[in-house]
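Visitor: Sequence and computational prediction follow.
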Amino acid sequence: MLSWPMIAFGFVTNLFQRGLAAWRRMLDVLDAAPAVLDSERDAEAEFDAATDGVAPIQGRLEFRNLSFAYNGHPVLDGVSAIVEPGQTLALVGPTGSGKSTLISLLPRLFDPPRGTVFIDNQDILDLPISTLRRAIAVAPQEPFLFSHTVAENVLFGADGAEGVDLVETTERAMAIARLDKDLADFPKGADTRVGERGVTLSGGQKQRTSLARALAADPRILLLDDVLSAVDAFTEDEILRGLRDGAGDRTSVIVSHRVSTVRHADLILVLDAGRVVERGTHAELLAHDGLYAGLHRKQLLEQALEGA
Ligand SMILES: Nc1ncnc2c1ncn2[C@@H]1O[C@H](COP(=O)(O)OP(=O)(O)OP(=O)(O)O)[C@@H](O)[C@H]1O
Ligand SMILES: [Mg+2]
C-alpha cells in the first residue's frame, strides 16, 4: 500500500538530484574564466572601439613564422604568409595538417604566441576580442544550427547595425550560399523549422546554412573551413562565383581538400604536418609539379570517373 508513495518519492528525489547536478554544472560553466582574456589595456581599447576610437579593421593578415602547439603537442611549424585586404588565401593539405587550427587563431579561439599573427600590422593579442570578432565571421567545419527556422539561423549572423535591412541581408546571404535551391523543397521555405522539432537538414544543407550565416555578417574577414565539401561541382562553382562577385575588399581564407575550391585564390598554402610545403597560385603550383599538382591530377581523374 505504501509502494506507490515510495515510488513517487524515489522519483522526485531522483529528479531533484538530477536537477541539482545540472544546476552545479551550470554554475561551473558560469564560473569558468574565459580561456582567452583581454588585458586591461585591451579593455580600454574596447571602450575606445565602442566610441569609435579604434580604426576599423581593413583585413590585412600576416602569419610570421608561426608555430603553435596544443598543450605541448606541436601542430603548426614556422608558417608565414601575407594576405592583403580583399585577397583570398586558401589552405589545402591532408587531414590533421593544421588547417582548422591556423584559421581558429584569427578570431582568437586559441591564442598564438606573441609576434606571430597580425591583422592590419597589429599583433592580434593587442586587438580587443570584441573588435576582432566583429570583423571576422567563421563558417566552421562542424556547422551548428539552432532549433529555429532556416531564416533565423542565417539572421543570427547579421549584426543589427543601423541601416541594415535584415530581410534583404538574409535573403542575399541565402542566395549566395545557394540555399534558395534547397528551400524550394521545404514545406515553408526559409520559415521551415530545423533540428529536433523540425526537418533534418542534409550535411550539405547544414554547411550552406552556416555559410549563409557567416555571409549575413558581411564581415571584413571571412573564414570558410571546408564548407563546400558536400556540394556538387556545379553548385560549388556557382557559390564560389557568388562569393567572388560579392567580396569587394573582403579578405577570405578558404580551407578545402578540393583543388576546385581553391584554384582562384590569390595564394594557396599546402600544409603537411603543420608546415607549409608548397605555396603559390594555382598555375604556379601546377608548374611546380609537386603535391598540389598530384592532388589536382588525382581529383581530375576522380571527376572523370564519376562522370563516366
Ligand atoms: N582543440 C584541440 N586540442 C588538441 N589538439 C587538437 C585540437 N584541435 C586539433 N588538434 C590536433 O591538431 C592537429 C591539427 O588539427 P586540425 O584540426 O587543425 O587539422 P586539419 O588540417 O583542419 O584537419 P582536417 O582536414 O581533418 O579538418 C591534429 O593532430 C589534431 O588532432
Ligand atoms: Mg579541419
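Guide: Looks like it came in fine. Note that the structure is predicted; figures quoted are calculated from it, not measured. Ligands and ions are numbered 1, 2, ... in the order given.
Visitor: okay, CA-based contacts and neighbour counts for the rest of this
Guide: Noted.
Visitor: so what pLDDT did the residue lying closest to residue 222 once chain neighbours are set aside get?
Guide: Excluding the flanking residues, the one nearest residue 222 by CA to CA, 6 or more residues apart in numbering is residue 252, at 4.7 Å. pLDDT, residue 252: 97.
Visitor: and the host helix or strand of residue 252, anywhere near ligand 1?
Guide: Element membership of residue 252 [criterion: DSSP states H and E] is strand 251-255. No. Judged by CA under 6 Å from any ligand atom, strand 251-255 stays clear of ligand 1, getting no closer than 8.0 Å.
Visitor: Alpha carbons of that strand, in PDB - could you do that?
Guide: Taking only C-alpha atoms (Å, rounded to 0.1, in the frame of the first residue of the first chain), the coordinates of strand 251-255 have been written out as PDB:
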ATOM      1  CA  THR A 251      39.600  39.200 -47.100                       C
ATOM      2  CA  SER A 252      38.800  35.500 -47.300                       C
ATOM      3  CA  VAL A 253      40.500  32.400 -46.000                       C
ATOM      4  CA  ILE A 254      39.200  29.200 -47.600                       C
ATOM      5  CA  VAL A 255      40.100  25.700 -46.300                       C
END
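Visitor: Can you say which helix or strand has residue 89 in it?
Guide: Assigned by DSSP H and E, residue 89 falls within strand 88-92.
Visitor: tell me which strands and helices that strand is in contact with?
Guide: When contacts are defined as 3 or more CA pairs under 8 Å, 6 or more residues apart in numbering; DSSP states H and E, strand 88-92 packs onto strand 251-255, helix 259-262, strand 267-272.
Visitor: mind running it again at 6 Å?
Guide: If contacts are counted by 3 or more CA pairs under 6 Å, 6 or more residues apart in numbering; DSSP states H and E, strand 88-92 sits against strand 251-255, strand 267-272.
Visitor: Which of those strands sits closest to residue 291?
Guide: Using CA to CA as the measure, strand 267-272 is the one of those that comes nearest residue 291, at 8.0 Å.
Visitor: pLDDT below threshold where in this protein?
Guide: Residue ranges of the chain with pLDDT under 70: 1-54, 160-162, 308.
Visitor: same thing but at 80, please
Guide: Along the chain, the parts satisfying pLDDT under 80 run over 1-55, 159-164, 196, 307-308.
Visitor: Residues in contact with the strand or helix carrying residue 130: which ones?
Guide: Using DSSP H and E, residue 130 sits in helix 129-135. Contacts to helix 129-135, defined as CA atoms under 6 Å, 6 or more residues apart in numbering, come from residues 107, 219, 220.
Visitor: and of those, the nearest to ligand 1?
Guide: Ligand 1 has its nearest neighbour among the contacts of helix 129-135 in residue 107, at 14.3 Å by CA to the nearest ligand atom.
Visitor: Not counting its neighbours along the chain, what's nearest residue 94?
Guide: Nearest non-adjacent residue to residue 94 (CA to CA, 6+ apart): residue 272, at 6.5 Å.
Visitor: re earlier: is it possible to export the helices and strands packed on strand 88-92 to TSV including mean neighbour count?
Guide: Output for the helices and strands packed on strand 88-92, formatted as TSV (neighbours: other CA atoms under 10 Å):
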stretch	mean neighbour count
strand 251-255	25
strand 267-272	24
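Visitor: Ok, which of these comes nearest residue 65?
Guide: That would be strand 267-272 among these, by CA to CA, at 13.9 Å.
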